[in-house]
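Engineer: Below: sequence and its predicted model.
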Amino acid sequence: MTDATARFGGFAEEYDRVRPQPPAELVPLLTQWSGKAEPDVVDLGAGTGLSTVLWPDALGVEPDPGMRAVAAARGVRVVEGTAEATGLPDACADIVTAGQALHWFDPERTFPEIARILRPGGVFAAFDCDWPPTVDPECDDTYRSVEAHYRVLEVRHGVRPAYATKADHVARLRESGLFRHVSELALHATDTGDAARFVDILRSQGGVVALLDRGLTEDEIGLTRLREVAERRIPHPRTWWWTYRIRLAVV
């Protein structure tokens with residue numbers, strides 16, 4: 001997870017300000033699947049604690065000190081570690097989660113580590129929201145166009161680290177042979193945002209952060225174009241609809 005950590009280093013406060021919080025329905029869903037009324041929860045790649053905080057006593061595992069500081073400030077218990085090497089004892093969790101993070105983990109090392117810290121019958125849940133949120137059709141089109149452009153720039157400037165395609169998470173979990181059941185579903189959430197936040201959502205993506213750090217301008221990346229569209233199409237705060245894809249695996 002070293003490369004991914006470097007991409008988000010020094011960016012914790014802005015990340016926390018614009019990123020959405022996962023749906024609260026995750027808690028009863030995973031609690032029911034775990035079969036425990038009060039499960040012990042570990043959140044891998046906890047970041048600023050946006051998903052960890054859904055659980056009253058969850059433990060976050062996060063390698064970046066800036067992210068850990070923001071998480072701790074919101075009252076989250078968080079320790080230094082990675083998904084590949086948590087430093088936690090065997091069979092210490094009923095539920096392990098990874099929000100907006102599994103694609104950055106090395107699956108060959110992470111899946112055995114998850115299986116090690118889960119108790120028999122424990123549940124692993126990896127969840128990601130779709131980018132962008134559903135707000136406006138023209139903003140949606142422009143966001144996707146700019147996203148495609150910055151991904152080309154990532155390769156050109158050598159700032160794209162290794163990552164696992166999110167669409168293949170379920171297949172990788174099944175092929176690992178470590179989980180007796182793997183499933184997938186979608187949950188939804190809403191919040192509110194304005195034009196500035198819509199642009200900052202894209203600006204919070206690791207690739208954009210890396211390109212800005214390399215000295216590329218917002219014009220070159222496409223953020224200026226997205227801002228012009230967003231300010232015209234979202235003149236005041238509106239409801240945003242988020243789709244979350246949840247991958248469930250039981251040991």
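Structural biologist: Cool, the structure landed.

Engineer: Excluding residues flanking it in the chain, which one is nearest residue 50?
Structural biologist: residue 21 (5.1 Å; Cβ to Cβ, 6 or more residues apart in numbering). No exception for glycine: its C-beta is placed from N, CA and C like everyone else's.

Engineer: I figured the one you found was touching residue 189, is that so?
Structural biologist: Yes - judged on Cβ atoms under 8 Å, residue 21 makes contact with residue 189 at a distance of 7.5 Å.

Engineer: okay, these two: which has more neighbours?
Structural biologist: residue 189 (18 against 15; other Cβ atoms under 10 Å).

Engineer: which residues touch the more buried one?
Structural biologist: Contact analysis of residue 189 by Cβ atoms under 8 Å, 6 or more residues apart in numbering lists 20, 21, 22, 23, 24, 129, 241, 242, 244.

Engineer: let's go with 10 Å and repeat that
Structural biologist: Going by Cβ atoms under 10 Å, 6 or more residues apart in numbering, residue 189 touches 20-26, 129, 133, 240-244.

Engineer: And residue 192, by the same measure?
Structural biologist: The neighbours of residue 192, taking Cβ under 10 Å, 6+ apart as the test, are 237, 238, 239, 240.

Engineer: what distance separates the host helix or strand of it from the middle of the whole chain?
Structural biologist: Residue 192 belongs to strand 181-193 when assigned by DSSP states H and E. Between the centre of strand 181-193 and the centre of its chain there are 12 Å (Cα atoms, centre = their mean, to the nearest Å).

Engineer: Beyond that strand, next helix or strand please.
Structural biologist: Next along from strand 181-193, by DSSP H and E: helix 195-203.

Engineer: CA atoms only: put that next one into CSV for me.
Structural biologist: Only the C-alpha atoms of helix 195-203 are listed here, as CSV (Å, rounded to 0.1, in the frame of the first residue of the first chain):
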residue,chain,number,x,y,z
ALA,A,195,-20.5,23.2,-7.5
ALA,A,196,-17.3,23.7,-5.6
ARG,A,197,-17.7,20.4,-3.8
PHE,A,198,-18.5,18.6,-7.1
VAL,A,199,-15.1,19.8,-8.5
ASP,A,200,-13.3,19.0,-5.3
ILE,A,201,-14.7,15.4,-5.4
LEU,A,202,-12.6,14.9,-8.6
ARG,A,203,-9.8,16.9,-7.2
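
Engineer: Pull out the buried residues from it.
Structural biologist: 195, 197, 198, 199, 200, 201, 202, 203 (16 or more other Cβ atoms under 10 Å).

Engineer: Nearest residue to residue 93 in space, please, no chain neighbours.
Structural biologist: Residue 93's closest residue in space is residue 42 (Cβ to Cβ, 6+ apart), at 4.4 Å.

Engineer: Now do stretch 225-234: everything it contacts.
Structural biologist: 132, 135-143, 145-147, 149, 193-203, 218-219, 223, 240.

Engineer: Repeat the analysis, applying 7 Å as the threshold.
Structural biologist: By Cβ atoms under 7 Å, 6 or more residues apart in numbering, the residues outside stretch 225-234 that reach it are 135, 136, 138, 139, 142, 143, 146, 194, 195, 198, 199, 202.

Engineer: Secondary structure of residue 28: a strand, I assume?
Structural biologist: No - counting by DSSP: H, G, I helix; E, B strand; the rest coil, residue 28 is located in no strand; its state is helix.

Engineer: Look up which residues are beta-bridged to residue 127.
Structural biologist: residue 99, residue 246 (DSSP bridges).

Engineer: list the contacts for it?
Structural biologist: 22, 26, 99, 244, 245, 246.

Engineer: quick one: pLDDT of it?
Structural biologist: Note for residue 127: predicted pLDDT of 98.

Engineer: I appreciate the help and will end here.
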